[in-house]
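1. Structure for the following, please:
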Amino acid sequence: MRRPSAVGAATYALLAGIVAAGLALRVWNIDHGRPFVFNVDEASHFARRAVTMLARGTLDPGYYQNPSAFTYLVYAAVRLALDEGEVVRRFATDPTQVVVVGRAVAALLGVAGAVAAFALGRRLWDAATGLVAAAIVAFAFLPVAFSRLALTDVGTLAPVAVAVLGSVLALERGSLQDFALAGVGAGLAAGFKYTAGLVLVALLAAGVLRWRAERGREPLVGLAVGAVAAAGAFLVTTPFVVLELATASRQLGAQATAAGEPKLGQAGDSPVAYYLDSLTWGLGWVPALAAAIGAVVVARREAGRAVVLLAFPLALFGYLSTQERFFGRWLLPAYPVLAVLAAVALVTVAAWLARLVAPGRARWLAPAILAALAALTLAQPLAADWRSGRVLGREDTRALARAWLASHYPPNLRVTIEPEVPPLFFRQPGVGPPLFRRDFELAAKARGLGFSDTLSPATLDRYRATGTCLVVTLGYVRGRVERDEDPDAAEYYGALERESRVLWRALPQRAGAEPLRFHFDLSYNGYPPGLERPGPEVRILRLDRCRQRFGPLSPDERRAVAGE
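-> Next up is the predicted model:
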């Protein structure tokens, strides 16, 4: 057996250190929010579907708006780590045990993405490129932030890297195994996120370029093999999309319709500007600029390789920029490629500087310069990772508000709380009456009124008519309606200010920090430097000229909700 060289051993020791540090950042305060799950997607989708599968004894999640790969991994992890019967019994009253398991799965997938980025950089260039790429994926803010949530997004990182590697090898070697590797990676990527399946454009680019060079049938056969491999890998992860095709089609149609409609709080924003801006904090200013430089470097040296590498990030960016809703995490699948391109740029610059400073010792000086450049590149992401990890360890402003209400009022309190809290928020531990009544919101929903539809000055009179004198406002909601400049909502909040007094208030930012303008990513993910704790600004107000009541609404009061 051939023993690894000292350089090889050092390479893998450094990789192990990167992975260990990346994992530590991800599992730090992994139980944040307990006993509540404040992220609506985390509370509603994958962990919940895994428990539903356990309860029903089926592998059909019954949910196809997202692929099933992450749900199946959470399902398997729960079966291995927890008592299934206990999980099913307790999930409605304490979902966080299962959610924390899902977060652990996401953390492992996040560092797997770093390892895959290393493999991509090392195989196409060298170990130094691979290590820098791995470090960028391991520590860039957005991959870390979404490795702390039981969500599917980071699951795309490793298979995308595999798909792109297979595609470049298919271009340069043309073997059927390379085409198959690219297809499997693409199918697995789509199994975590449908849009990640766009990585097939890298394989298509490789096949077309290979065919143009050869004019033979082998590249076409390779593309067919890749397509079959992609379909097979996707169906392994998400079989019920085909088995329940009618239901899946309806759900996917609804998802596409929703993505094509502006989300409250994003009116007037440009998706192109939004995604470009997301790279400055999600990947980091220096890594993003380095990725652009790396793309130029590769294009000048190896045009075909550049086409294959850039095909997927550009296709994903172009597709997402046509949607009416946009979130930074939707661009995450492109991060492994961007990380490798950034690594190419840093390695190139380090080598150039070493030759410039000490031509005779450039070989020995270049690694030291590269280490310094990598430290500079990672300074912004690491600072954000550390800052956000500390924030997650503190109590959410909404939990503080709940504790204040529970300590000042008896159970069955009628209170209106804006819709950025989980159902468990209204209950008390064990058996007993609910802490807070939300009959006003439920009655409005039964009348087909969404929360934003109820926002007008007349709503305050409906509160009074039902004895709902306490109003809890959340900065997330008010920020969204104010960004869209809804006149009815503006009048509602103005009337609320005039006709109530503030009993209690909590801010997420530390004293003296600049107030935060609502942002669909930065308001939630702990990135802004001024944050002290998670959550929105919370205010508890008491309406003037209102007699507080308790218990469920009467039929007459329910009619008052609808203004009858």
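2. okay, whichever helix or strand residue 236 is part of in CSV with CA atoms only?
-> Take DSSP states H and E as the rule and residue 236 turns out to sit in helix 218-237. Provided in CSV are the C-alpha atoms of helix 218-237 (Å, rounded to 0.1, in the frame of the first residue of the first chain):
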residue,chain,number,x,y,z
GLU,A,218,-20.4,9.3,-28.2
PRO,A,219,-21.3,12.7,-26.6
LEU,A,220,-24.9,12.2,-27.5
VAL,A,221,-24.9,8.8,-25.9
GLY,A,222,-23.3,10.3,-22.9
LEU,A,223,-26.0,12.9,-22.6
ALA,A,224,-28.6,10.2,-22.8
VAL,A,225,-26.8,8.2,-20.1
GLY,A,226,-26.6,11.4,-17.9
ALA,A,227,-30.3,12.1,-18.4
VAL,A,228,-31.2,8.5,-17.4
ALA,A,229,-28.9,8.7,-14.4
ALA,A,230,-30.4,12.1,-13.3
ALA,A,231,-34.0,10.8,-13.6
GLY,A,232,-33.1,7.6,-11.6
ALA,A,233,-31.3,9.6,-8.8
PHE,A,234,-34.2,12.0,-8.6
LEU,A,235,-36.8,9.3,-8.4
VAL,A,236,-34.9,7.5,-5.6
THR,A,237,-35.2,10.7,-3.5
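3. which helices and strands does that helix pack with?
-> For helix 218-237, the packing partners by 3 or more Cβ pairs under 8 Å, 6 or more residues apart in numbering; DSSP states H and E come out as helix 157-172, helix 176-192, helix 200-214. Yep, even glycine has a C-beta here, placed from its N, CA and C like the rest.
4. nearest to residue 526, of those helices?
-> When these are compared by Cβ to Cβ, helix 157-172 sits nearest residue 526, at 20.2 Å.
5. I'd like the C-alpha coordinates of that closest one written as CSV, please.
-> Provided in CSV are the C-alpha atoms of helix 157-172 (Å, rounded to 0.1, in the frame of the first residue of the first chain):
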residue,chain,number,x,y,z
LEU,A,157,-24.4,21.9,-2.1
ALA,A,158,-22.7,18.5,-2.3
PRO,A,159,-24.6,17.0,-5.3
VAL,A,160,-24.2,20.2,-7.3
ALA,A,161,-20.5,20.0,-6.8
VAL,A,162,-20.6,16.4,-7.9
ALA,A,163,-22.7,17.3,-11.0
VAL,A,164,-20.4,20.1,-12.0
LEU,A,165,-17.3,17.9,-11.5
GLY,A,166,-18.8,15.1,-13.6
SER,A,167,-19.8,17.6,-16.3
VAL,A,168,-16.2,19.1,-16.6
LEU,A,169,-14.8,15.6,-16.7
ALA,A,170,-17.3,14.6,-19.4
LEU,A,171,-16.1,17.6,-21.4
GLU,A,172,-12.5,16.8,-21.0
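6. could you say what helices and strands it packs with?
-> Judged by 3+ Cβ pairs under 8 Å, 6+ apart, helix 157-172 is in contact with helix 96-124, helix 176-192, helix 200-214, helix 218-237, helix 303-320, helix 335-357.
7. okay, those in TSV with mean neighbour count and distance to residue 427 next?
-> Formatted as TSV, these follow (neighbours: other Cβ atoms under 10 Å; distance: least, Cβ to Cβ, whole Å):
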stretch	mean neighbour count	distance to residue 427
helix 96-124	24	14
helix 176-192	26	33
helix 200-214	21	46
helix 218-237	19	35
helix 303-320	20	38
helix 335-357	24	39
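8. could those helices go into a markdown table alongside distance to residue 425 and mean pLDDT?
-> Output for the helices and strands packed on helix 157-172, formatted as a markdown table (distance: least, Cβ to Cβ, whole Å; pLDDT from 0 to 100):
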| stretch | distance to residue 425 | mean pLDDT |
| --- | --- | --- |
| helix 96-124 | 13 | 97 |
| helix 176-192 | 30 | 98 |
| helix 200-214 | 42 | 95 |
| helix 218-237 | 33 | 96 |
| helix 303-320 | 32 | 97 |
| helix 335-357 | 33 | 95 |
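9. quick one, which of the helices and strands packed on helix 218-237 is nearest to residue 290?
-> Residue 290 lies closest, by Cβ to Cβ, to one member of the helices and strands packed on helix 218-237: helix 157-172, at 17.6 Å.
10. Figure out how far the closest one is from the centre of its chain.
-> Centroid separation for helix 157-172 versus its chain: 23 Å, with Cα atoms, centre = their mean, to the nearest Å.
11. Could you tell me the angle between it and helix 176-192?
-> Orientation check (axes from the mean of the first three to the mean of the last three Cα atoms, to 10 degrees): helix 157-172 against helix 176-192 gives 150 degrees.
12. Please enumerate residues in contact with the helix holding residue 236?
-> For helix 218-237, the external contacting residues (Cβ atoms under 8 Å, 6 or more residues apart in numbering) are 67-69, 72, 166, 170, 174-176, 178-188, 190-192, 197, 200, 203-204, 207-208, 210-211, 241-242.
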